[in-house]
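Engineer: Attaching a predicted model along with its sequence, questions to come.
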Amino acid sequence: MTNWALVSVRAHDLLPEAEAEMIANRVAHIMVNNRGFTRFAQFQQHFLSLTRARAKGAPVAGVLPALIRNLPEIETE
């Protein structure tokens, strides 16, 4: 799941907001409807918010501990 959420992170890092949102929505649709990851949209949004808050140039891997800590919270959204 994290690999596909990274697609959205990369899109938000490189593309205009409208295009990045289109990609994020498409990835979420595929993951929920085709792959059965029913909480993927919430997971992806949480991951995106964490990566957007990271310091410029900081690796995405640095947000993974916070993402893992917050998984129970994501499950109840």
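Structural biologist: It's in. Numbers count the residues shown, from 1 in each chain.

Engineer: May I ask which helix or strand of the chain has the lowest mean pLDDT?
Structural biologist: Scoring the helices and strands of the chain by mean pLDDT, DSSP states H and E places helix 71-75 at the bottom, with a mean of 85.

Engineer: what's in contact with it?
Structural biologist: The contact list for helix 71-75 (CB atoms under 8 Å, 6 or more residues apart in numbering) reads 39, 42-43, 46. C-beta coordinates here come from the backbone N, C-alpha and C atoms, glycine included.

Engineer: if you set the cut-off to 6 Å instead, what comes out?
Structural biologist: 42-43, 46 (CB atoms under 6 Å, 6 or more residues apart in numbering).

Engineer: For ChimeraX, what selects the buried ones among these?
Structural biologist: Buried members of the contacts of helix 71-75, defined by 16 or more other CB atoms under 10 Å, are picked up in ChimeraX with:
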select :43,46
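
Engineer: just the contacts of helix 71-75 now: which is nearest residue 58?
Structural biologist: residue 46 (17.3 Å; CB to CB).

Engineer: That closest one and residue 29: what is the separation?
Structural biologist: 18 Å (CB to CB, to the nearest Å).

Engineer: before we move on, back to that, so can I have TSV of the contacts of helix 71-75 showing distance to residue 67, secondary structure and pLDDT?
Structural biologist: Conversion of those to TSV gives the following (distance: CB to CB, whole Å; DSSP: H, G, I helix; E, B strand; the rest coil; pLDDT from 0 to 100):
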residue	distance to residue 67	secondary structure	pLDDT
42	12	helix	92
43	8	helix	93
46	7	helix	93
